[in-house]
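>>> only the shape, not the letters, is given here:
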């Protein structure tokens, strides 16, 4: 049964049925000075750490805008039928930190950080829990804090560092902290604590809450990212203003430093542990709510139909196509034609109604005498086609994958390749993914970076992986016919339907304008608006 993560923290605190818990005197609000002594209260604090997560697929900007979709717009491999979603701003290099595409993620992820900080401060004071039980909850919450900060530094680079409760508005006036310090002092210690120092169950997460498997998957991704960019360049001199001055110049990947190799070895340890503990399952599992938190799912954003719906579903449907029960069919989150054409024609994933679809029947709410829906102008994403929601209810509780087993397999392949360990372990993961897709396999030593990134693009299409792959490797896939034509430096790459080449500016997103407006100490990333002159 899916764990209900959407209950307001305060409601849980006030309405828990635990007799001892109800003996606590309610104050009407929860602060870091509140007295929480019961196990139920501690669990409510831990659940609060997930509160920001369902915002991942929230809407933004105009009609049809979607936060998850915007992470695909920035890669240059997405298309929209409706320009109100403002894809054109990405295509014409006119985006800014004033867009909700950058304001909302900043605010949402920091809301998650704040919830985690509150829980981390208060859980140790819960007298009804043993030290082991406290450490389990702290491992869960610290994993979530690490994940939110990981999202922030991958997207924005240096960010404001908060590990405590802000008790005064003046404390919000803080400069950005080096991304190196955020990784070294928060992200890695939080995750290593969860994996190495707690009694969290070392198993699949069956209700959406953090287990050691979840912490291991995130930690492996963190180590792999740190072995690349921008960490490896920023770590060469943490006194430089890398983000605000756009000093980025390194391009070699994999990075040939002792630090990078050590991090890759650490990533390998976590990936080897997870290897073989899951199965890829069927392609249809991703779009089937009955498979939420099952099969190859490792960590997902939790949704509940009718209460907190997955916002991606209607945006991936063709514009006003009348094929669904949804009030809106946006046609705004679509893989570009060039991206789709870069798949091998023999790839099962581009078979009709596998990862894509080109036609559908009209919904029953429309007149059946009107005939079938028109054939779509392009191939749309079928990966998130929740049949019951689309054809019956108009409400989707389909979870959104943050980590699934295919990602683990492909990360493991990349780590072995980057370490130069050209053995069977190097190709086992990528070959398992390709065999399911009906494609030829690789021999050890045959892989190239293009092969690895292309397979990630094919398998993890629109799972919000590509943008961060581009940034950590500083490379981009070139669209082609039947395969990607090649891989080239990120700086200088021009996506097929963009009117400009990527520059060092595009290695990071613009900092939210609300932060720029409210925090005089926070300077904007290089090349982006609105600017902040500081004090």
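Okay, I see it. Keep in mind that this is a model prediction, so the values were computed, not measured. Numbers count the residues shown, from 1 in each chain.
>>> what ranges do the helices span in the stretch 251-400 of the chain?
For the stretch 251-400 of the chain, the helices identified by DSSP state H, counting those that start in this stretch occupy 258-274, 312-315, 337-341, 387-388, in order along the chain.
>>> quick one: which of those helices is nearest residue 466?
Each of those has some distance to residue 466 by C-beta to C-beta; the shortest is helix 337-341, at 9.4 Å. No exception for glycine: its C-beta is placed from N, CA and C like everyone else's.
>>> how about the closest residue to residue 155 other than its chain neighbours, secondary structure?
Distances taken as C-beta to C-beta, 6 or more residues apart in numbering put residue 509 closest to residue 155, at 4.9 Å, once the chain neighbours are dropped. Here residue 509 is recorded as coil under DSSP: H, G, I helix; E, B strand; the rest coil.
>>> which parts of this protein are strands?
If DSSP state E is used as the criterion, the strands of the chain fall at 78-79, 297-301, 334-335, 356-357, 380-381, 400-404, 475-478, 486-489.
>>> redo those as TSV? Include distance to residue 152.
Listed next are the strands of the chain as TSV, based on distance: least, C-beta to C-beta, whole Å:
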stretch	distance to residue 152
strand 78-79	22
strand 297-301	17
strand 334-335	27
strand 356-357	32
strand 380-381	27
strand 400-404	15
strand 475-478	23
strand 486-489	25
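>>> those into a markdown table, with extra columns for mean neighbour count, distance to residue 212 and mean pLDDT?
Conversion of those to a markdown table gives the following (neighbours: other C-beta atoms under 10 Å; distance: least, C-beta to C-beta, whole Å; pLDDT from 0 to 100):
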| stretch | mean neighbour count | distance to residue 212 | mean pLDDT |
| --- | --- | --- | --- |
| strand 78-79 | 24 | 34 | 98 |
| strand 297-301 | 23 | 11 | 98 |
| strand 334-335 | 27 | 34 | 98 |
| strand 356-357 | 20 | 35 | 98 |
| strand 380-381 | 24 | 32 | 98 |
| strand 400-404 | 23 | 13 | 98 |
| strand 475-478 | 23 | 32 | 98 |
| strand 486-489 | 16 | 34 | 98 |
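>>> so for residue 91, which of those sits nearest?
Relative to residue 91, the nearest member of the strands of the chain by C-beta to C-beta is strand 78-79, separated by 9.7 Å.
>>> residue 387 versus the closest residue to residue 373 other than its chain neighbours, what's the distance?
Once its chain neighbours are removed from consideration, residue 373 has its nearest residue in residue 362; the separation is 4.8 Å (C-beta to C-beta, 6+ apart). Separation of residue 362 from residue 387 (C-beta to C-beta, to the nearest Å) stands at 15 Å.
>>> which one of the two is surrounded by more residues?
Taking other C-beta atoms under 10 Å, residue 362 and residue 387 do not tie; residue 362 has more neighbours (17 against 13).
>>> so the more buried one touches residue 324, yeah?
No: the pair residue 362 and residue 324 does not pass the contact test of C-beta atoms under 8 Å, sitting 9.3 Å apart.
>>> residues near residue 222, how many?
Look at residue 222: counted by other C-beta under 10 Å, it has 27 neighbours.
>>> any idea of the pLDDT on it?
What the model reports as pLDDT for residue 222 is 99.
>>> now residue 119: closest residue in space, sequence neighbours ignored.
Looking at residue 119 with C-beta to C-beta, 6+ apart, the closest residue is residue 45, at 4.0 Å.
>>> residues contacting the closest residue to residue 374 other than its chain neighbours?
Across the structure, with C-beta to C-beta, 6+ apart as the measure, the residue nearest residue 374 apart from its sequence neighbours is residue 321 (7.6 Å). Contacts for residue 321 (C-beta atoms under 8 Å, 6 or more residues apart in numbering) come out as 329, 331, 360, 373, 374, 376.
>>> out of the residues you listed, flag the one nearest to residue 234.
Distances from residue 234 to the contacts of residue 321, taken as C-beta to C-beta, are shortest for residue 331 (39.2 Å).
>>> roughly how far does the closest residue to the closest one other than its chain neighbours sit from residue 374?
When the adjacent residues along the chain are set aside, residue 331 lies closest to residue 319, with 3.0 Å between them (C-beta to C-beta, 6+ apart). Counting by C-beta to C-beta, the separation of residue 319 from residue 374 is 11 Å.
>>> neighbour count: these two, which is higher?
Neighbours around residue 319 and residue 374, counted as other C-beta under 10 Å, are more numerous at residue 319. The numbers are 17 against 13.
>>> confidence score at that one?
In this prediction, residue 319 carries a pLDDT score of 96.
>>> over to residue 170?
According to the model's per-residue confidence, residue 170 sits at a pLDDT of 74.
>>> quick one: it from residue 152, how far?
The separation that residue 170 has from residue 152, given C-beta to C-beta, amounts to 22 Å.
>>> which one of the two is surrounded by more residues?
For residue 170 and residue 152, the more surrounded residue by other C-beta under 10 Å is residue 152, and the numbers stand at 23 against 8.
>>> ok now do the more buried one, which residues does it touch?
Neighbour list for residue 152: 106, 109, 110, 113, 159, 182 [criterion: C-beta under 8 Å, 6+ apart].
>>> could you report the neighbour count for the third one?
Which is residue 110. Taking other C-beta under 10 Å as the neighbour definition, residue 110 ends up with a count of 19.
>>> re the thing from before, could I get the contacts of residue 152 as CSV with pLDDT and distance to residue 232?
Written out in CSV, the entries for the contacts of residue 152 read as follows (pLDDT from 0 to 100; distance: C-beta to C-beta, whole Å):
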residue, pLDDT, distance to residue 232
106, 98, 24
109, 98, 23
110, 98, 26
113, 98, 25
159, 98, 18
182, 98, 15
